[in-house]
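> structure for this input, please:
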Amino acid sequence: MKSLHEFELFFEKEMMPDLQLLDKRRNAIVKRSMMVILFTILALLLLVVVYINYGKKSGEDSNILWFIIAGVLIVVGGIIAGSAWARDKTFYTDFKTQVIERIVKFVSPDLTYEPKNFIGSDSFQRSRIFLKNVDRYNGDDMVQGKIDKTQVWFSEVKAEYRNTTTDSKGRTKTSWHTIFKGMFFIADFNKHFQTSTVVLPNRLGKGFLATFFNKMNLARREKHVRLEDPDFNKHFVVYGEDQVEARYVLSTSLMRRITEFKIKHPNPLYISFVNSFLYVGIAYKKDLFEPSYFKKLTRFSLVKEFFEDIHLSVSIVEELNLNNRIWTKQ
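Numbers count the residues shown, from 1 in each chain. Predicted structure coming up:
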């Protein structure tokens, strides 16, 4: 696995020339956008001044309507100007190919990157981590390939459900709620499971009441599995269709590795073992692998974040020891 120091050298020698060109384009986008915003604000202020000095004094009600229409036209014109003149239509695509794709290839030449592709909703739901019906689903930044012996797929995804309510007057209101947003990872575990085992964040802590409510998760066909690892139990709660297989899959060494991974990476962590695949969800609040127009692209601290997010997903293979083929598929 490539180190952060190796990536810093790669950043300075290989990526910097392209980043400097991209950063010039970013600066130009920001300057043009600020000009459009400034001229739009000045035009609106001028319109207000004209209305106060002429339209309002005339006392005609129709004048305010015309000034409102003029204000709307100014705003729409600003939006059109910003889209047509201020925006760089290929900046986003070039950023993905010149920055994110190069980082992926640096991490491992055996990985491929597809910026517009993502893990499908069928795979997301097949993981049995999230049982809520998904009403809206999207994603991007798909990475797939082999890490040594292990086939992997991962991408950013966002799954949501819809909630519709009706008030006393019969008016309906629709709201959207996030089921999961973050990096979703799939790996060939090289072992066929007869049943499903799901590892979820332990949000209730420890103690009798926590254990009681964890057992009362009636939405799942999997039943609560109590494991004999206090450090693991502090962070996670486990559900499995078969108690024996769940304990077989979550060996002492694997539980230790999952716990160590969780301590190093404090984001909410979800894991499941279904059929012959390992599914991992790492929740994020931020959007991953997206350029910021207000941050210099030539700053290592910015590009380092992209490297660490990709490195985190790839490190699952190494840190959970997935390349050690202690099992074989049926």
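> show me the contacts for the nearest residue to D135 once chain neighbours are set aside.
Once flanking residues are discounted, D135 sits nearest to R162: 4.2 Å by C-beta to C-beta, 6 or more residues apart in numbering. To be clear about C-beta, it is placed using only N, CA and C from the backbone, and glycine gets the same treatment. Going by C-beta atoms under 8 Å, 6 or more residues apart in numbering, R162 touches D135, R136, T174, S175, W176, H177.
> just give me the closest of these to I263.
H177 (29.4 Å; C-beta to C-beta).
> flag every buried residue along whichever strand or helix holds the closest one.
Following DSSP states H and E, one finds H177 within strand 172-188. Within strand 172-188, the residues scored as buried using 16 or more other C-beta atoms under 10 Å are I179, F180, K181, G182, M183, F184, F185, I186, A187, D188.
> how about those residues in JSON lines, adding distance to K24 and pLDDT?
Shown next, in JSON lines, are the buried residues of strand 172-188 (distance: C-beta to C-beta, whole Å; pLDDT from 0 to 100):
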{"residue": "I179", "distance to K24": "40", "pLDDT": "95"}
{"residue": "F180", "distance to K24": "37", "pLDDT": "96"}
{"residue": "K181", "distance to K24": "32", "pLDDT": "96"}
{"residue": "G182", "distance to K24": "32", "pLDDT": "95"}
{"residue": "M183", "distance to K24": "31", "pLDDT": "95"}
{"residue": "F184", "distance to K24": "35", "pLDDT": "96"}
{"residue": "F185", "distance to K24": "35", "pLDDT": "95"}
{"residue": "I186", "distance to K24": "38", "pLDDT": "95"}
{"residue": "A187", "distance to K24": "40", "pLDDT": "92"}
{"residue": "D188", "distance to K24": "43", "pLDDT": "87"}
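> that older thread, okay, angle between the host helix or strand of the residue nearest to D135 and strand 172-188 too, please.
Per DSSP H and E: R162 is located in strand 150-166. Strand 150-166 runs at 170 degrees relative to strand 172-188, counting by axes from the mean of the first three to the mean of the last three C-alpha atoms, to 10 degrees.
> from the buried residues of strand 172-188, pick the one nearest K304.
For these, the nearest to K304 is M183 (16.8 Å; C-beta to C-beta).
> report all helices and strands that the strand holding H177 contacts.
In terms of contacts (3 or more C-beta pairs under 8 Å, 6 or more residues apart in numbering; DSSP states H and E), strand 172-188 is packed against helix 121-126, strand 150-166, strand 277-283, helix 300-319.
> one more time with 7 Å
Applying 3 or more C-beta pairs under 7 Å, 6 or more residues apart in numbering; DSSP states H and E, one finds that strand 172-188 contacts strand 150-166, strand 277-283, helix 300-319.
> now these in TSV, with distance to F106 and mean pLDDT?
As requested, the helices and strands packed on strand 172-188 are exported to TSV (distance: least, C-beta to C-beta, whole Å; pLDDT from 0 to 100):
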stretch	distance to F106	mean pLDDT
strand 150-166	16	93
strand 277-283	21	94
helix 300-319	8	88
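> and these: which comes nearest F91?
F91 sits nearest to helix 300-319 of all those, at 15.4 Å, using C-beta to C-beta.
> and the closest one, what's buried?
Across helix 300-319, burial judged by 16+ other C-beta under 10 Å covers 300, 303-304, 306-307, 309-317, 319.
> show me which pair in those is furthest apart.
F300 and V317 (25.7 Å).
> still on that earlier bit, how close does the residue nearest to D135 get to V134?
Distance check for R162 against V134: by C-beta to C-beta, to the nearest Å, it reads 10 Å.
> rewinding a little: and of the buried residues of helix 300-319, the nearest to R32?
Using C-beta to C-beta, those come closest to R32 at V303, 24.1 Å.
> which one is that closest one nearest to, not counting chain neighbours?
Using C-beta to C-beta, 6+ apart, the closest residue to V303 is F11 (6.0 Å).
> so which residues make contact with stretch 193-206?
128-129, 210, 213-214, 222, 233-242, 245-246, 249-250, 268-276 (C-beta atoms under 7 Å, 6 or more residues apart in numbering).
> can we see that at 8 Å?
With C-beta under 8 Å, 6+ apart as the test, stretch 193-206 has contacts from 128-129, 210, 213-214, 220, 222, 225, 233-242, 245-246, 249-250, 258, 268-276.
> what does stretch 77-96 give?
22, 25-26, 28-29, 32-33, 35-37, 39-40, 43, 115, 141, 289, 291, 297.
> buried only: go through those for me.
Buried subset of these (neighbour count, 16+ other C-beta under 10 Å): 22, 26, 29, 32-33, 36, 40, 43, 115, 141, 289, 291, 297.
> all helices of the protein, in order?
4-10, 16-50, 56-58, 61-81, 91-95, 101-107, 121-126, 208-215, 230-235, 243-249, 252-264, 300-319 (DSSP state H).
> these: which one's closest to K146?
helix 300-319 (9.4 Å).
> contacts for the closest one?
1-2, 4, 7-8, 11, 15, 19, 99-100, 103-104, 106-108, 111, 143, 147-148, 150, 152, 154, 183, 185, 187, 257, 260-261, 265, 280, 282, 288-289, 292, 295-297, 322-323.
> at 7 Å instead, please
Contacts to helix 300-319, defined as C-beta under 7 Å, 6+ apart, come from residues 1, 7-8, 11, 99-100, 103-104, 107-108, 147, 150, 152, 154, 183, 185, 187, 257, 261, 265, 280, 282, 288-289, 295, 323.
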